[in-house]
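> Using only what follows, build the 3D model:
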Amino acid sequence: MDLDSRTFERALAANPLVLLPVGALEAHGPHLPLGADQIQAEATADAVAERLDALVAPSVAYGSAPAARRFPGTVSLSIAELETHVGGVLRELARGGVRRIVVLSGHGERGHMAALREAGDGAMRAYPGLRVVVLCDYEFVYELRGTEAPATDGHAGLLETSRLLALAPERVGPQRPSVVYRHSPFVPGSASEADWPESVIGDTGPASPELGRRVQAHVLDRLVETVRSLLPP
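Have a look, this model is predicted:
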């Protein structure tokens, strides 16, 4: 937040919505930055804040990303570590007078999201007047699978590459990998190198900033609709 202490204190009188972007530092193939999830979460939070006159808190830059842990550059917290950290942030915001918070994650791995939801639940139990919504923007991005992208598109694939081309084109490299993910969801543990040779799921060849802008517009509309429904003033 760029607000000074007293301006923030005055803003609390209007029961402001606060957006907490959460990223993850993990491999996104040879073409996208390690911080892709944070970049997307921050850009989306800023855009939503403009529409809803909300405040944006400083990001949580690290998450739980065990699936990509064997790829260089990934930093994966345990679920417990992430829950503890985010829970502390949420409780401190509530202690300071914030009563409406959206935890907006750019990373959607199952354990990561479970940690965020547990953190939100714990904060609401500690501060009964607090309302928290926890979601990943990719819950809305992936509504476009089967129309804007193949149903099998996923991590660092066509939709995500296009979205980064729209939001931060200077951070996207020239390669356009195509990777088939073969790991079964019914087999515990992370995918082997044979099942997932590169940290991409799908064919990024057709990626474009035009598609990325359509994806981002859909995400923003769905986010604003969801937040207005679940966290009215």
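> The lengthiest helix in the chain - contacts with which helices or strands?
In the chain, ranked by residue count with DSSP state H as the criterion, the top helix is helix 209-230. Identification of packing neighbours for helix 209-230 by 3 or more C-beta pairs under 8 Å, 6 or more residues apart in numbering; DSSP states H and E yields helix 36-52, strand 131-136, helix 138-141, helix 158-167. In short, each C-beta sits where N, CA and C put it, glycine included.
> Just give me how far the third one sits from the chain centre.
The reference is to helix 138-141. Averaging C-alpha coordinates over helix 138-141 and over its chain gives two centres that are 9 Å apart (C-alpha atoms, centre = their mean, to the nearest Å).
> by contact count, what packs against that helix?
Contact partners of helix 138-141 among helices and strands, from 3+ C-beta pairs under 8 Å, 6+ apart: helix 158-167, helix 209-230.
> pLDDT on it, on average?
With pLDDT averaged residue by residue, helix 138-141 scores 98.
> buried residues in it?
When neighbours are counted by 16 or more other C-beta atoms under 10 Å, the buried residues of helix 138-141 are found to be 138, 140, 141.
> go on, the first one?
When burial is assessed from 16+ other C-beta under 10 Å, helix 36-52 yields the following buried residues: 36-45, 47-49, 52.
> do stretch 204-215 as well
Applying a neighbour-count criterion of 16+ other C-beta under 10 Å, the buried positions in stretch 204-215 are 204, 207, 209, 211, 212, 214, 215.
> which residues are contacting it?
Stretch 204-215 has contacts (C-beta atoms under 8 Å, 6 or more residues apart in numbering) with 29, 31, 141, 144, 148, 156-159, 161-167, 169, 176-178.
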